Each structure stands twice: as structure tokens, then as C-alpha cells.
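Visitor: Pasted the sequence and its predicted model underneath.
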Amino acid sequence: METVSPAEVEGRYANVREALVRDGLDAVIVSGSEYSGFEGAVRYLSGFLIVHRYAYVLLPVEGDPSIVFPVEARYVGEHGTTWIDEQVFVDAPGAWLRDRARDRGWKRVGVYGL
């Protein structure tokens, strides 16, 4: 397994956050699946290798990222490969993401891979 240094991770986040600020966004949702593609973007931001289900990385301009999975994905894949501390398993990932944005007062959220 590839090891990514904390400095590299922070550099990746800084690059994405720079684009978010430039475009007037509060956060971005990066979605990927083995079936529809974009799994490389999820892995780039989280370290997680998608196996059979969707994963969503939520990266705010300020604050820590979250990685969100459908509840059944708890038993698929090696979740220990992600460096993101907040791992969320929910029945409705879209509703969780919507509620997080609302609770944080975000007005504009970008999407990639949806």
C-alpha cells in the first residue's frame, strides 16, 4: 500500500481549497464508485480504495474532511486505508451531506463525480 505523508495530504487539500475559495464555494463533495468512475479522486483525497460501492469525500474550505459511505459498505473494502478521521456510514448519504451543509451554514457546495 502506498504511504502518503501528512504534508502531501495537506498539500492536496490546500490545492482543492484554493480552487474552492477562487470559485466562491464553501465545500466540495467528491463522489466516486468502481462502476461510474471517479474513484481516483476519492482515493486522492482520502486514501480509500473503493470496492463495489460509492464513497463521498466532503472537503470544506475550513475544517476537517469527512468520508461518507452507504451503510452496507461497512462490510466492503478496507476502511483503515483512509486518513480521514470522520468515517460516516448512513442509509442515505445524500441526506447526510445535505444536512451537514445546512448545519454548517454553507450556501454553495461544489460537486465532482456525481
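Guide: Done, it's in.
Visitor: and the gap between Glu39 and Asn15?
Guide: When distance is defined by Cβ to Cβ, to the nearest Å, Glu39 is 19 Å away from Asn15. No exception for glycine: its C-beta is placed from N, CA and C like everyone else's.
Visitor: Could you pick out the longest helix of this protein?
Guide: In the chain, taking DSSP state H as the definition, the longest helix is helix 6-22.
Visitor: which parts of that one are buried?
Guide: Neighbour-count burial for helix 6-22, counted by 16 or more other Cβ atoms under 10 Å, picks out Val9, Tyr13, Val16, Arg17, Leu20.
Visitor: Kindly report the same for stretch 40-47.
Guide: Judged by neighbour count (16+ other Cβ under 10 Å), stretch 40-47 contains these buried residues: Ala41, Val42, Arg43, Leu45, Ser46, Gly47.
Visitor: Just those: which are in helices?
Guide: With helices defined by DSSP H, the entries of those inside them are Ala41, Val42, Arg43, Leu45, Ser46.
Visitor: what's in contact with the helix or strand containing Ser31?
Guide: Element membership for Ser31 (DSSP states H and E) is strand 27-32. Strand 27-32 is touched from outside by 16, 20, 38-43, 45, 50, 54-61, 97, 101, 104, 106, 109-114, with contacts defined as Cβ atoms under 8 Å, 6 or more residues apart in numbering.
Visitor: among the residues you listed, which are in helices?
Guide: Of the positions in those, Val16, Leu20, Glu39, Gly40, Ala41, Val42, Arg43, Leu45, Leu97, Ala101, Arg104 sit in helices, assigned by DSSP H.
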